[in-house]
Each structure stands twice: as structure tokens, then as C-alpha cells.
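Engineer: Fold the following for me, if possible:
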Amino acid sequence: MPFNAPPNTAAWRHAEARDGFEVAFFRPRGGGYRIEGCTTAVEDGQTWAVTYLVDLDSRWTTRSVQVTSRTAAGTHRTELETDGAGNWRVNGEPAPHITGCLDVDLESSAMTNALPIHRLDPPTGARVSTPAAYVRALDLSVERLEQEYTRAGDSGCRYDYVSPAFDFSCRLTYDASGLVLDYPGIATRTA
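Structural biologist: Predicted coordinates for the structure are as follows:
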């Protein structure tokens, strides 16, 4: 399903898993987009702030990511680069453990669940596996996260999401731009 261009900015209130707020800014860049964002939150009694810069190509495939995390323990920075075909480098070093991933999924962000949806156009009821390079909020460690999206309605705006590693599933609702409106247990779009 083709989506409308993203708005200049979007925001989410994070609740249940953490208390916080996320703001993202979308700018066209080289046929794709540059997304700059920040999430500040309290989770399990710890405060943190994560800023991110994600460059996407015209297919909404992640090409580069810069993430900075600030906690009471200090500041961490991580850079990811990919060729768009699933080969990654993390902080300049090859990262074979995330080979085959086309997206980044930031633990701190509701926005990054929009990335695979822009490439996928499965028929209603079809399940698509789309693993992601998963970046943790506190220490910015990078893991492989297996995920599945199943299109739940003809409108293309609802997907059933499953993350087996976290024993987590929910129905994600998207707007006409393919941005998450409702991420049960995680975040709700406010702007």
C-alpha cells in the first residue's frame, strides 16, 4: 500500500513499558528521508535520553544510524551503516550477527516500527518476517531482533506485530503516512 509522505514532525507519549515522550522530524534527502528524533523517559526507575539520526533510501530501507544515549552512568554513542542489502557495520566493524536485517529498531522509539511497513505490501492475512538491527536504549548494544508483521485489514493501516524474543504481540495501528498511531503497551501518537 502506498503511503502519504510523512509529516514534518510527529510525537508519541510512551506509557506502560516506560513513561516518556518522543519527537521525530522528517526531512526528504536523496530520494529517501532523514529522521532526527529524541526520546526521554523513565523506565524501571532509571532516567535516560536517546537521540537518533536515521537515514533511509527511497524504499525506506535503513542506510545509516547515529544514536546517543545519556543516563546517570554516562553517555554512549553508536553508529550503524548498511549497504541496504543486509550487510552492516557497527562503529566501523563488520556486524555479521545482524546480516540480513534491512531495518533498525530502536528500543527507545515507536517511530522505527514505521520502517518495515513502508516496504511491505502483503495481502490481508499474510505474515512477513522482517528481522531488525535492534539497538538497546541504555547501553546502545546492537542485537538481531526477529519480528513478524501480519496485515490485519484491507486498509493497510493495521498490522499484528510479534516479537518472539520478548514474548510480545500486539496490533499496531498506522496513519495514512505509515507512522504508528497506537502501539499497545508502548506508545500513542500525540501529534
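Engineer: How about stretch 133-152, which residues are buried there?
Structural biologist: Using 16 or more other C-beta atoms under 10 Å as the burial criterion, the residues of stretch 133-152 that qualify are 133-138, 140, 142, 144-145, 147-152. No exception for glycine: its C-beta is placed from N, CA and C like everyone else's.
Engineer: And for stretch 113-131?
Structural biologist: By 16+ other C-beta under 10 Å, the buried positions in stretch 113-131 come out as 113-118, 120, 128, 130-131.
Engineer: remind me which residues of the protein are low pLDDT?
Structural biologist: Applying pLDDT under 70 to the chain picks out residues 1, 154-156.
Engineer: What ranges does it have for its helices?
Structural biologist: Under the criterion DSSP state H, helices of the chain are mapped to 115-119.
Engineer: in it, which residue is closest to the centre?
Structural biologist: Closest to where the C-alpha atoms of the chain average out (C-alpha atoms, centre = their mean) is Thr112, at 1.6 Å.
Engineer: quick one: contacts for the closest residue to Asn91 other than its chain neighbours?
Structural biologist: Distances taken as C-beta to C-beta, 6 or more residues apart in numbering place Glu79 nearest to Asn91, at 5.7 Å, with adjacent residues excluded. When contacts are counted by C-beta atoms under 8 Å, 6 or more residues apart in numbering, Glu79 touches 64-67, 90-92.
Engineer: and those, which two are the farthest apart?
Structural biologist: Using C-beta to C-beta, these span at most 14.7 Å, a distance reached by Val67 and Gly92.
Engineer: who's more crowded, these two?
Structural biologist: Val67 (23 against 7; other C-beta atoms under 10 Å).
Engineer: So the more buried one versus Leu120, what's the distance?
Structural biologist: Separation of Val67 from Leu120 (C-beta to C-beta, to the nearest Å): 24 Å.
Engineer: Is the closest residue in space to Gly92 that isn't next to it in sequence bridged to anything, and to what?
Structural biologist: Nearest residue to Gly92 in three dimensions, chain neighbours excluded: Glu79, at 7.5 Å (C-beta to C-beta, 6+ apart). Under the criterion DSSP bridges, Glu79 forms beta bridges with Gln66.
Engineer: Now do the same contact list for the nearest residue to Val23 once chain neighbours are set aside.
Structural biologist: In space, and not counting its chain neighbours, Val23 is closest to Ala11: 4.7 Å by C-beta to C-beta, 6+ apart. Contact analysis of Ala11 by C-beta under 8 Å, 6+ apart lists 21-24, 189-191.
Engineer: Strands - which of those land there?
Structural biologist: Residues of those located in strands (DSSP state E): 21-24, 189.
Engineer: Kindly give a single ChimeraX line that selects the buried subset of those residues.
Structural biologist: Listed next is the ChimeraX selection for buried residues among these, using 16+ other C-beta under 10 Å:
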select :22,23,24,189
